[in-house]
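In: Could you work out the structure for the sequence below:
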Amino acid sequence: MRLHYAHKRQLLKEILAPLAPLAHLRGLEAGLHAYLELRADLDAHRVVQDAKERGVLISTIDTCYVGMPDRNGLLLGYGGLSPQEVIHGAQILREVIEQRTAKTKLLTR
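Out: Okay, the predicted model is just below:
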């Protein structure tokens with residue numbers, strides 16, 4: 001099973017790799033979920049909302065804290081997904097983050 005989940009995480013890692021300046025995948029190599037740490041200026045709640053509008057359900061890391069979180073990011077659960085669903089969801093998430101970053105740049109000009 002560890003190899004099965006490691007394969008899914010590897011797919012996630014490969015698809016999200018181009019986000020390196022914006023986000024970093026954290027967590028165990030063979031777990032059931034991963035933590036995607038977002039750059040401080042990215043609004044995790046807006047990323048969650050944008051992804052949800054495109055059919056991808058993710059959570060902010062806030063749900064893991066009793067008080068105010070000390071980091072900005074997303075909890076990505078992939079254990080129950082097929083490899084194809086992991087690929088599809090990760091591609092959408094990458095697009096959402098890239099689009100959100102582009103919108104932020106336009107607003108700050």
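
In: where does the chain have low pLDDT?
Out: Low-confidence segments of the chain (pLDDT under 70): 28, 30, 103-109.

In: Confirm for me that residue 63 is in contact with residue 74.
Out: No: Residue 63 is beyond contact range of residue 74, at 10.3 Å (criterion: C-beta atoms under 8 Å). For every residue, glycine as well, the C-beta is placed using N, CA and C.

In: ok, the two, which is more surrounded?
Out: residue 74 (24 against 8; other C-beta atoms under 10 Å).

In: following the helix or strand hosting the more buried one, which helix or strand shows up next?
Out: Following DSSP states H and E, one finds residue 74 within strand 73-77. Following strand 73-77 in sequence order, the next helix or strand is helix 83-108 (DSSP H and E).

In: Just want the angle from that next one to strand 73-77.
Out: 160 degrees (axes from the mean of the first three to the mean of the last three C-alpha atoms, to 10 degrees).

In: and helix 83-108, what other elements does it pack with?
Out: The contact analysis (3 or more C-beta pairs under 8 Å, 6 or more residues apart in numbering; DSSP states H and E) places helix 83-108 against helix 2-16, helix 44-53.
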